[in-house]
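S.K.: All I have is the shape, not the residue letters:
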């Protein structure tokens, strides 16, 4: 890839301009103050009839004010996945679990977003992201014929805040390096039984029918609201069914506020 036109270079050139605007702004309703967070996640996947996998990764983000009701965000993520697959033998039977070939895949993403928000009403946002997936085995991606696949993501989202609940919808278009687009939509309902706990139900995919997820976020008060824990279960119902179980941890460097305030005023 040409370093002069790399997504990483364009991404980091934008960072200084956006953060400069954030420091120049004294007050904002979109984001109360510039804040940083760092996260770690790990998960296991079962794909019926074909393979098991496990994934771990890190992510980080910064959210900042730009104008009275306008905020921005920058984020990055890296994930490593180990895949083990059953392949048919010459007799038509599958190899045993102990004989499964192992393949690893690395994924890195960069993203930037702009959003308009009133913490008493809701938010509307747009985003752009660039990603790269690289396999470390003999497999190649069909669209490129190589072991690397680059993508571009264009997203739009909107959320409405009720008293202790949030209803959100998001639309994402993923453009593949070799041409062609993948479109997905997600509808999410969240409820805060306490100010430091959030339960989330979501349906995503084509016409909201392909992927279903249940998540629970908890921010322990005894840790001074500096950490949050995530537990999530996802079921994907397509030609090949898949189940995902994920646990995650996030650390907040700046403001120590309860979870519902963080979600609606700081990120």
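M.R.: Done, it's in. Since the structure is predicted, the reported quantities are computational estimates derived from the model, not experimental observations. Numbers count the residues shown, from 1 in each chain.
S.K.: model confidence over the host helix or strand of residue 228, on average?
M.R.: Counting by DSSP states H and E, the element that carries residue 228 is strand 227-236. Here strand 227-236 scores 94 as its mean pLDDT.
S.K.: just stretch 122-141 next, same as before
M.R.: The model assigns stretch 122-141 a mean pLDDT of 85.
S.K.: What are the buried residues along that stretch?
M.R.: Using 16 or more other CB atoms under 10 Å as the test for burial, stretch 122-141 gives 122-123, 125, 127-133, 135, 141. C-betas here are computed from N, CA, C, even on glycine.
S.K.: Ok, stretch 175-189 next?
M.R.: Across stretch 175-189, burial judged by 16+ other CB under 10 Å covers 177, 184-186, 188.
S.K.: Run through who's touching that stretch.
M.R.: 143-144, 149-154, 165-174, 200-208, 211 (CB atoms under 8 Å, 6 or more residues apart in numbering).
S.K.: and if we set it to 7 Å?
M.R.: 143-144, 149-152, 165, 167-174, 200-205, 208 (CB atoms under 7 Å, 6 or more residues apart in numbering).
S.K.: from the chain's centre, how far out does stretch 172-186 sit?
M.R.: 15 Å (CA atoms, centre = their mean, to the nearest Å).
S.K.: so how far does it reach from one end to the other?
M.R.: 9 Å (CA to CA, to the nearest Å).
S.K.: if we can go back for a sec, helices or strands up against the strand holding residue 228?
M.R.: Judged by 3 or more CB pairs under 7 Å, 6 or more residues apart in numbering; DSSP states H and E, strand 227-236 is in contact with strand 211-218, strand 242-252.
S.K.: and that strand, which strands flank it?
M.R.: Using DSSP bridges, the strands paired with strand 227-236 are strand 211-218 (antiparallel), strand 242-252 (antiparallel).
S.K.: Now the one helix or strand residue 37 maps to: buried residues?
M.R.: Assigned by DSSP H and E, residue 37 belongs to strand 35-47. Using 16+ other CB under 10 Å as the burial criterion, the residues of strand 35-47 that qualify are 35-37, 39, 41, 43, 45, 47.
S.K.: pLDDT on stretch 200-209, on average?
M.R.: With pLDDT averaged residue by residue, stretch 200-209 scores 82.
S.K.: Residues in a beta bridge with the most centrally placed residue in the chain, which ones?
M.R.: Ranked by distance to the mean C-alpha position of the chain (CA atoms, centre = their mean), the top residue is residue 77 at 8.2 Å. In this entry, residue 77 is beta-bridged to residue 59, residue 109, by DSSP bridges.
S.K.: so what's it up against?
M.R.: Applying CB under 7 Å, 6+ apart, the residues near residue 77 are 57, 59, 108-109.
S.K.: Now distance to residue 218, neighbour count and pLDDT too, for those residues, in a markdown table please.
M.R.: What follows is those, written out as a markdown table (distance: CB to CB, whole Å; neighbours: other CB atoms under 10 Å; pLDDT from 0 to 100):
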| residue | distance to residue 218 | neighbour count | pLDDT |
| --- | --- | --- | --- |
| 57 | 20 | 19 | 96 |
| 59 | 18 | 17 | 97 |
| 108 | 28 | 17 | 95 |
| 109 | 25 | 19 | 96 |
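S.K.: Among those, find me the one that's closest to residue 243.
M.R.: Distances from residue 243 to these, taken as CB to CB, are shortest for residue 57 (18.6 Å).
S.K.: Quick one: classify residue 261 as helix, strand or coil.
M.R.: When classified by DSSP: H, G, I helix; E, B strand; the rest coil, residue 261 comes out as helix.
S.K.: Touching, residue 35 and residue 266? I think so.
M.R.: Yes. Using CB atoms under 7 Å, residue 35 is in contact with residue 266, at 5.1 Å.
S.K.: Now do the shared contacts for the two.
M.R.: 63, 255.
S.K.: hey, where'd the strands end up in the stretch 101-250 of the chain?
M.R.: Ranges of strands in the stretch 101-250 of the chain, per DSSP state E, counting those that start in this stretch, are 102-118, 122-135, 148-161, 165-176, 181-194, 197-205, 211-218, 227-236, 242-252.
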